[in-house]
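In: turn this into a structure:
(chains A and B)
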Amino acid sequence: MAEPGTGRALRFAGLDFVARPSGALWWPERQTLILADLHLGRSERYARRGGPLLPPWDLADTLDRLGAEIEALQPLRVVSLGDGFDDDLAGRAIAADAARRLWHLAQGRDWIWVAGNHDPLPAGPGLPGRSLDELRDGIALRHIAGQGPDVSGHMHPVLRLAGRNWRCFVLGRDHLVLPAFGTYTGGLAITAPAFRRLVPQGLAICCSERMFTVPLAGDGPGMRRGSGANGQGRR
Amino acid sequence: MSPRPPDLPGPFADWFARNGWQPHPHQLALLAARQDTLLIAPTGGGKTLAGFLPSLVDLHLTGAKGLHTLYVSPLKALTADVARNLSRPVAEIGLAIRVGDRTGDTPASQRRRQRADPPEILLTTPESLALMLSWPEAPRMFAGLRRVVLDELHALAESKRGDQLMLGLARLRGLAPGLVATGLSATVEDPQALGRFMGAGQVIEADPGPRPDIALLPTAAPPPWAGGGGRHAVPDVLNAVAGAKTTIIFLNTRAQAELFFQALWLQNDRGLPIGLHHGALAAEARRRVEAAMAAGELRAVVATGSLDLGIDWGDVDLVIQVGAPRNIKRLVQRIGRANHRYNAPSRARIVAANRFEVIECVAALEAARAGELDGEPRGPGPLDVLIQHILLTACAGPFDAEALFAEVTTAGPYAALTRADFDACLDFAATGGYALRVYDRWQRLMQRHGHWQLRDPRAARSLRMNIGTIVEAEKLKVRRRGRGGAALGEVEESFAASLAPGDTFLLGGQVLRYDRIRELVMEVTPQPGRDPRIAVFSGLKFATSTELSQRMLAIIADPGRHRELPGDIRAWLGLQARISALPRPGLLLCETFPRADRWHLAIYGFAGRNAHQTLGLLVTRQMEQAGLAPLGFLATDHALLITSLNPVEDVAPLLRRPVLEQGLEDWLADTSLMRRSFRTVATIAGLIQRNLPGHRQTGRQATFSSDIIYDTLRRHDPDHILIRATRDEARRGFVDFDRIGDMLARNPRLELRRLDRVSPLAAPLLLEMGRVRLGGTGQERLAEKMAQELMASAGLDGLGDG
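Out: Numbering: from 1, shown residues only, chains lettered A, B, ... in the order given. Below you'll find the predicted structure:
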């Protein structure tokens, strides 16, 4: 295993990836950085819809962390694995300074917005990159897991262990599910039936310095504990 | 026959006489009062009648119709009880007065009637009052209000519900000039302070009645070294119950009440009818017990704080407190639950659950007999409650900031509120109050013609849904498995998360097996005869008060006073004096000793569990920096025990106040306690939506925790008003930092005893449950280790590595 803090190497569908402590997935062979569920513009959407007035820095915060990953890895390609925006309007109404930062981050890279259930439409003209329903590059990269093998997001997996929730990657035979990268995102405990169906057996890789892993079968805590209700990983 | 008392109209005097009663002096004093008054009277002193008598008389004399008197109580159950009790004089005197209650349980049809045609006397709770005040028609509805009666004010004043109530009272005083408010309270340590809280012009203290008959309950078996269950005393408690008419047995937490109740049943050879009552039980189960109690069908009820207040059970002649009462005031108030007949002494017995508690109980008895109560002074009115009040005011209609500020500062808790803080609260209510952000979408309130109003009037609905200052941990309902399984109660989600299918726990005196969770309902199967896993759901943990801790320390330090203690305790303290030393006032005793490859540091601070917990976190941070590898700690009310891989050689550098102060600031910034506190503050202030029963989202991905909001806010706007409110609350509340400061100030000298094995005083600490494991890297290391074990046991180690 590599140095603490740099991630955990994993092999999935015959390909080599690195699960990063940030929750991003690094694909060295393709120099591709993959992020799921950025949910950019969530606080703005809540305020717009008359919901709670949340602190408006989730956008900047998510972009800060995204920028740090891009800085560290210098990817040739960046893939937002769906729900990049909290809704289609959030993508169009994104604040000018945030859009500028995205343009800056995307400079010299192939930037792909995969469609999600929150943002089904192609990204607006004010944004860099191109929009796809899914990306196929030897393996399917899509928002919601389908016919495996595929890499997907959407589920926001978290694992409860040692008294707290950890955002985690879920690695099974057919599916690799990424944790949500966005700041204002919750999580679904991997004890939930939805995960059992998707990944009957496999591993959870928890976002932390050392990216420790937990089995997802038999009587590990991943399966037997927990209420299946709300959980959130902390950063 | 007594002469007719002055001021009491004929029909009233006749009614008293017919019943063979005489009005108490404090009842007449209150009748004569023309100003806002606080009445302090012991239970059984006819307090409630005293509060209503002026209203009944006034309504009788004037024949007024419509809303005349508003009665506010902390408990819904109490309003129902008061309605029953009032119906008697109303019927027997022949008064044409309607009494109605308006709580969260009132059916919608009745609420509509009340809005159109309110009864003369309306009984309600602080939350329902806040809701009524948020209606646009509130000014019309309350314009004719003459009197407000605030029951159990001492209890309300202990929480934010009291602050909300005082803001509501300020509003009522504005809507109905000339309104007279009456507060009713049990004995408190500082009546004048409570009077100022409600803005009373005078305080009437009723004759406290005869001294209570209180003592330790002698037990055949000595108390154990540790634990809080008190089960060693079960046979003695059963004997006491058999010897009394009706007994209330108080325990400090729900889990303890469950376990004690079960233990009683197992040894209840005489088949005494005994019930159980606590806040986690289904409302129906609680009502059944209350009804059985009122009907005299029960000989005893095992209860928690859920029975601290209210309902009058005149036949209770014995109170047994199991476990140290933590503060003297609560003990005295609980004792008052025995013998509601005025002028008969209350009888109470105390069971110490372990050896430390024996000393605490002896100290508490001494203080209670001396009538010396304790209590921490109340802090200023919290800003989250004010924010909610501002938002609800906007629901009622446009308001002028100047006028609202003036009105709010007439409320006792907010008398010292600065305009700057008020404006910050208003800004938060209007825009979220975020620094350097002008964004038109962040607007809930806007100013029009100089008045503030909701940008979108439809927002009123969700704001009203969020009313209240009680923020509970997320709960799961517990139901018997199977179609239409009976509701048994509820447990906290964190407790549920610690169970695996097949685990058993206690609820409502039954051993239940956890089967599964479906849609926020925990399904269980009763498992009679199985050993339960301990039920650790919720239950507030109060810290032992400063006053009581100091009294304990005084007893421990003075071998001459050890005579007051039972023989086994005497021997224990004697051994401690020989092997190590006794803690004493002015000197902070610390001990280090090795045990099972680990080092332990015991600090006998006597500063209460919350302060010790905070101290534990602060000291272990420094130990971490010093390379002592702390693993965890245990905080009790009397001591702190820290476990580490390396020994502490010098304790003084760890306890320097400036270092602790700095550590506190750093630590507060990033602690789960702060996060918990923030969740409460943010919910009250309306930043996060309250999880309503039955409305909780099950689409998990959509909801994210208040922790994330807290982290974001702290990073980008550390001076935000909610961060400030959270810090204030944490410092005063469970963090209790001020008591650490007091402890250090009181003990200018430190003494570190280096022992080669555990000392007698430290031994019980090793047996206590509830150790805090350290977070941060330690937690990650632990999680990693657990993960490795799981991987190994699944034969999976190495899998997944590239």
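
In: for residue B:553, phi and psi?
Out: phi -60, psi -40 (degrees, to the nearest 10).

In: these two touch, right, it and residue B:586?
Out: No. Taking contacts as C-beta atoms under 8 Å, residue B:553 lies outside contact range of residue B:586: 9.9 Å. Any C-beta I mention is one placed from the backbone N, CA and C, and that applies to glycine too.

In: endpoints of stretch B:202-216, how far apart?
Out: End-to-end span of stretch B:202-216 (C-alpha to C-alpha, to the nearest Å): 37 Å.

In: tell me the buried residues in that stretch?
Out: B:203, B:204, B:206, B:209, B:212, B:214, B:216 (16 or more other C-beta atoms under 10 Å in any protein chain shown).

In: okay, these in JSON lines with pLDDT next?
Out: Listed next are these as JSON lines, based on pLDDT from 0 to 100:
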{"residue": "B:203", "pLDDT": "96"}
{"residue": "B:204", "pLDDT": "95"}
{"residue": "B:206", "pLDDT": "90"}
{"residue": "B:209", "pLDDT": "77"}
{"residue": "B:212", "pLDDT": "81"}
{"residue": "B:214", "pLDDT": "88"}
{"residue": "B:216", "pLDDT": "91"}
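
In: return the member of the residues you listed nearest to chain A.
Out: Chain A lies nearest to residue B:216 out of the buried residues of stretch B:202-216, by C-beta to the nearest C-beta, at 38.1 Å.

In: spit out the contact partners of that closest one.
Out: Remark: with contacts taken as C-beta atoms under 8 Å, 6 or more residues apart in numbering or on different chains, residue B:216 is in contact with B:349, B:350, B:351, B:352, B:358, B:361, B:362, B:365.

In: report the beta-bridge partners for it.
Out: residue B:350 (DSSP bridges).

In: ok, residue B:448 next?
Out: Beta-bridge partners recorded for residue B:448 (DSSP bridges): residue B:451.

In: can you check residue A:114 too?
Out: For residue A:114, the beta-bridge partners are residue A:132 (DSSP bridges).

In: before we move on, what about residue B:594?
Out: Under DSSP bridges, the beta-bridge partners of residue B:594 are residue B:599.

In: before we move on, back to that, between residue B:553 and residue B:586, which is the more surrounded one?
Out: More crowded of residue B:553 and residue B:586, by other C-beta atoms under 10 Å in any protein chain shown: residue B:553, with 23 against 10.

In: need the nearest residue in space to the more buried one, chain neighbours excluded.
Out: Using C-beta to C-beta, 6 or more residues apart in numbering or on different chains and skipping residues adjacent in sequence, the residue nearest residue B:553 is residue B:606, 4.9 Å away.

In: Provide the secondary structure category for the one you found.
Out: On the three-state scheme (DSSP: H, G, I helix; E, B strand; the rest coil), residue B:606 is labelled coil.

In: I'd assumed residue B:554 was in contact with it.
Out: No. In this structure, residue B:606 is not within contact of residue B:554 by C-beta under 8 Å, at 10.1 Å.

In: between those two, point out the one with more neighbours.
Out: Neighbour count, other C-beta under 10 Å: between residue B:606 and residue B:554, residue B:606 has more, with 27 against 14.

In: gap between the more buried one and chain A?
Out: Distance, residue B:606 to chain A, using C-beta to the nearest C-beta, to the nearest Å: 29 Å.

In: burial check on residue 165, number of neighbours?
Out: Using chain A here. 22.

In: chain B was what I was after
Out: Residue B:165 sits with 29 neighbouring residues when counted by other C-beta under 10 Å.

In: residue B:62 too?
Out: 10.

In: please name the residues that touch residue B:55.
Out: Each residue near residue B:55 by C-beta under 8 Å, 6+ apart is listed here: B:68, B:69, B:121, B:146, B:147, B:149.

In: name the nearest of those residues relative to chain A.
Out: For the contacts of residue B:55, the closest approach to chain A (C-beta to the nearest C-beta) belongs to residue B:149, at 35.9 Å.

In: just list whatever residues bridge to the closest one.
Out: Each beta-bridge partner of residue B:149 is listed here: residue B:71, residue B:182, as defined by DSSP bridges.

In: thanks again, I'm all set now.
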